[in-house]
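[1] Okay, sequence plus prediction incoming.
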Amino acid sequence: MRPGKIFFLAISVFTEIILNAQPVKINRLQCEHLVNPLGIDALQPRLSWMMDDIRIAAIQTAYEVLVGTDSV
């Protein structure tokens, strides 16, 4: 294998490792279409969010919702 091909392969593998190591960022959190609700009376409130990921075709496979009665 030529040195140029080995270098290109090494850079490709390194780039893939770096891109997969980037954390996913979640933004635009909403509850009942509100950004900072101060009281929700819905028994099953609608939650939504957007996922920022630089990987091509990244998808969400799971989520965890933590519910509390205090804002702290």
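    Received, thanks. Predicted model only: the values in this text are computed from it and were never measured.
[2] all strands for this structure, in order.
    When assigned using DSSP state E, the strands of the chain occupy the ranges 25-31, 47-52.
[3] Redo these as TSV? Include mean neighbour count.
    Where you see a C-beta, it was placed from the backbone N, CA and C, and this is true even at glycine. Output for those, formatted as TSV (neighbours: other Cβ atoms under 10 Å):
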stretch	mean neighbour count
strand 25-31	12
strand 47-52	11
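[4] Mind checking the ones you listed for the one nearest to residue 41?
    Shortest distance between residue 41 and the strands of the chain, using Cβ to Cβ, is found for strand 25-31: 11.7 Å.
[5] okay, the angle between that closest one and strand 47-52?
    Strand 25-31 runs at 160 degrees relative to strand 47-52, counting by axes from the mean of the first three to the mean of the last three Cα atoms, to 10 degrees.
[6] by contact count, what packs against strand 25-31?
    Judged by 3 or more Cβ pairs under 8 Å, 6 or more residues apart in numbering; DSSP states H and E, strand 25-31 is in contact with strand 47-52.
[7] List the contacts of the strand it packs on.
    Contacts of strand 47-52 with the rest of the structure, by Cβ atoms under 8 Å, 6 or more residues apart in numbering, involve 24, 25, 26, 27, 28, 29, 30, 31, 33, 58, 60, 65.
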